[in-house]
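Undergrad: Pasting the sequence and the predicted model now:
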Amino acid sequence: MKKTNKDIDGGKPFDWGRTSLDYAKFRDIYPKEFYQKIIDRKLCVSGQSVLDIGTGTGVLPRNMYQYGAKWTALDISENQIKQAKILSKGLNIDYHTLATEDLSFPDNSFDVITACQCFWYFDHKTVMPKLYRMLKRGGVILILYMAWLPFEDKIAGASENLVLKYNPNWSGAGETKRPIDVPDCYKENFELVYHEEFTLRVPFTRESWNGRMKACRGIGASLSEEEIEKWEQEHRALLERIAPNEFDILHYGALVELKKQ
């Protein structure tokens, strides 16, 4: 399903469903310490009911399933949910193809609501009251993010510049380590109880880094097939020149915990 937002990529349409196969293969990359940060906050663990909004291919519930929480997950893209179900075979995760703005779960349904790599896509004036209503007393919204650091990692920076060559208005470029922005409307009903930003080194091969970059919004979710093919040819050649076959990319992770008042 195509989406447009004037504040994202200059309003250029994007559709995560177009890149679901690459997303499923190459974007399950969060290292163990990323998930440990969540466990350290005693969130998404046994005895808790968790809703993951904007789940994509179910990366978060699949990787945290072992900690015992009961997971429900949703995404606007039918293709993303299809891949999530394939990858979650044998796991009792309740998936829904649904826009976050159209949520309709009963009041007091969840202990935790998670949003990983997706929080800025939502219409928060519509979404915030629904999240508040569906959370139990003292429930938590956990916002999660991870991004490469292009100014500190030369391979990431070179790959990012190539994305910008093909998609100059891509607004995913130029990340620096910083707290996650939370819209003001959440201050009415939620208290910011914790935030953390931390660096991570994420291992890749040339093949997996090419796949990770191809599955970003600026390439696979928005360019034409011809543009994607040209970008990929150029990106593979770039990596042959500047990267060993195995390498780490410097990222930062961030989380924000908002507690229902």
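TA: Right, received. Where do you want to start?

Undergrad: residue ranges for the strands of the chain, please.
TA: 49-53, 70-75, 94-97, 110-116, 135-148, 190-205, 246-260 (DSSP state E).

Undergrad: any chance of those in a markdown table, with mean neighbour count too?
TA: Just so you know, the C-beta spots here come from the backbone N, C-alpha and C atoms, and that holds for glycine as well. Converted to a markdown table, these look like this (neighbours: other C-beta atoms under 10 Å):
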| stretch | mean neighbour count |
| --- | --- |
| strand 49-53 | 25 |
| strand 70-75 | 23 |
| strand 94-97 | 15 |
| strand 110-116 | 24 |
| strand 135-148 | 19 |
| strand 190-205 | 15 |
| strand 246-260 | 19 |
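
Undergrad: Now render the ones you listed as CSV, adding distance to L87.
TA: Formatted as CSV, these follow (distance: least, C-beta to C-beta, whole Å):
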stretch, distance to L87
strand 49-53, 14
strand 70-75, 12
strand 94-97, 11
strand 110-116, 15
strand 135-148, 19
strand 190-205, 19
strand 246-260, 22
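
Undergrad: Of these, which is nearest T19?
TA: strand 70-75 (13.0 Å; C-beta to C-beta).

Undergrad: helices or strands up against that closest one?
TA: strand 49-53, helix 59-64, helix 78-87, strand 94-97 (3 or more C-beta pairs under 8 Å, 6 or more residues apart in numbering; DSSP states H and E).

Undergrad: please redo it, this time with the cut-off set to 6 Å
TA: strand 49-53, strand 94-97 (3 or more C-beta pairs under 6 Å, 6 or more residues apart in numbering; DSSP states H and E).

Undergrad: Turn the strands of the chain into JSON lines, including mean pLDDT and distance to R236.
TA: Shown next, in JSON lines, are the strands of the chain (pLDDT from 0 to 100; distance: least, C-beta to C-beta, whole Å):
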{"stretch": "strand 49-53", "mean pLDDT": "98", "distance to R236": "33"}
{"stretch": "strand 70-75", "mean pLDDT": "98", "distance to R236": "29"}
{"stretch": "strand 94-97", "mean pLDDT": "98", "distance to R236": "33"}
{"stretch": "strand 110-116", "mean pLDDT": "98", "distance to R236": "28"}
{"stretch": "strand 135-148", "mean pLDDT": "98", "distance to R236": "18"}
{"stretch": "strand 190-205", "mean pLDDT": "98", "distance to R236": "12"}
{"stretch": "strand 246-260", "mean pLDDT": "98", "distance to R236": "15"}
